[in-house]
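1. this one's structure only:
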């Protein structure tokens, strides 16, 4: 990377310094990651986006990650207690998490692509609205699982998978109700009905 300032003069842009130009120079030319649009879109709730970003960067503080830093903690999964709590296990292999996903499959009649593990974001299809809703469903599911994990850890409380799925579906229906239906096509409204997100 070239030096930004040389002899007190901004060396990067011919027209002089701008904050945007400085940010672009500082950030550098990095390739766009393939999960970007699945996480950063208007359908996904911000706290779900942040969790997705942590998962994508493998920066979520699972017990396995914390114990790798030398902390004296047991690295078992707080949801099932059957395995080491890694990102892979917690969201895709844990029997409790799989129970939540099975319940959501039943309630939405949509086959969650989460069996593809951390590559689920490439499975989104359809219109911008449909891809956005799919992202919101998947990111929201990851959040619900993490939320239940934290409740189990901190409060020793764990809801049944069907209750987690039911509560999350109500949250998603509320999110869909907040959108302007007049901007949706008939096919999109029918698709949302098929997902049981609208009446």
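-> Perfect, thanks for sending it. Being a predicted model, the structure only gives us computed values, none of them experimental.
2. Please list all residues in contact with residue 180.
-> If you count contacts by Cβ atoms under 8 Å, 6 or more residues apart in numbering, residue 180 has none. Quick note: C-beta positions are derived from backbone N, CA and C, even for glycine.
3. how much space between it and residue 188?
-> According to Cβ to Cβ, to the nearest Å, residue 180 stands 12 Å off from residue 188.
4. in terms of contact, does residue 198 touch residue 189 like I think?
-> Yes: here residue 198 reaches residue 189: they are 6.7 Å apart, a contact under Cβ atoms under 8 Å.
5. count of residues packed around residue 170?
-> 10 (other Cβ atoms under 10 Å).
6. Residue 153 now?
-> 14.
7. May I have the predicted confidence score for it?
-> Note on residue 153: pLDDT of 93.
8. To what extent is residue 188 buried, counted in neighbours?
-> Residue 188 has 18 nearby residues by other Cβ under 10 Å.
9. Need the contact partners of the one helix or strand it maps to.
-> Using DSSP states H and E, residue 188 falls within helix 186-194. Applying Cβ under 8 Å, 6+ apart, the contact partners of helix 186-194 are 109, 110, 126, 127, 129, 130, 133, 176, 181, 184, 198, 199.
10. Can you list the buried residues in it?
-> If you call a residue buried by 16 or more other Cβ atoms under 10 Å, then helix 186-194 has these buried ones: 188, 191, 192.
11. Same question for stretch 68-75.
-> residue 75.
12. Now tell me what touches it from outside.
-> 63, 64, 66, 67, 84, 85.
13. In these, find the pair that's most separated.
-> 66 and 84 (11.6 Å; Cβ to Cβ).
14. Break the protein into its domains for me.
-> As recorded under automatic domain parsing, the domains making up the chain are 1-30, 35-194.
15. between the ones you listed, which gets the lowest average pLDDT?
-> Least confident of the domains of the chain, judged by mean pLDDT, is domain 1-30 with a mean of 71.
16. quick one: the strands in the protein?
-> Applying DSSP state E to the chain gives strands spanning 5-6, 9-10.
17. count of residues packed around residue 11?
-> The number of residues near residue 11, taken as other Cβ under 10 Å, comes to 13.
18. Quick check: residue 126 touching residue 134?
-> Yes: here residue 126 reaches residue 134: they are 7.5 Å apart, a contact under Cβ under 8 Å.
19. With neighbour numbers in mind, choose between these two.
-> Using other Cβ under 10 Å as the criterion, residue 126 and residue 134 rank with residue 134 on top: 22 against 13.
20. Quick check: the gap between that one and residue 61.
-> 27 Å.
21. and if you look at residue 48?
-> 17 Å.
22. Check residue 39 too.
-> Look at residue 39 and residue 61: by Cβ to Cβ, they are 18 Å apart.
23. ok, now residue 88?
-> 15 Å.
24. try residue 7
-> 45 Å.
25. Those two: which has the busier surroundings?
-> For the pair residue 7 and residue 61, the greater number of neighbours falls to residue 61 (11 against 6), based on other Cβ under 10 Å.
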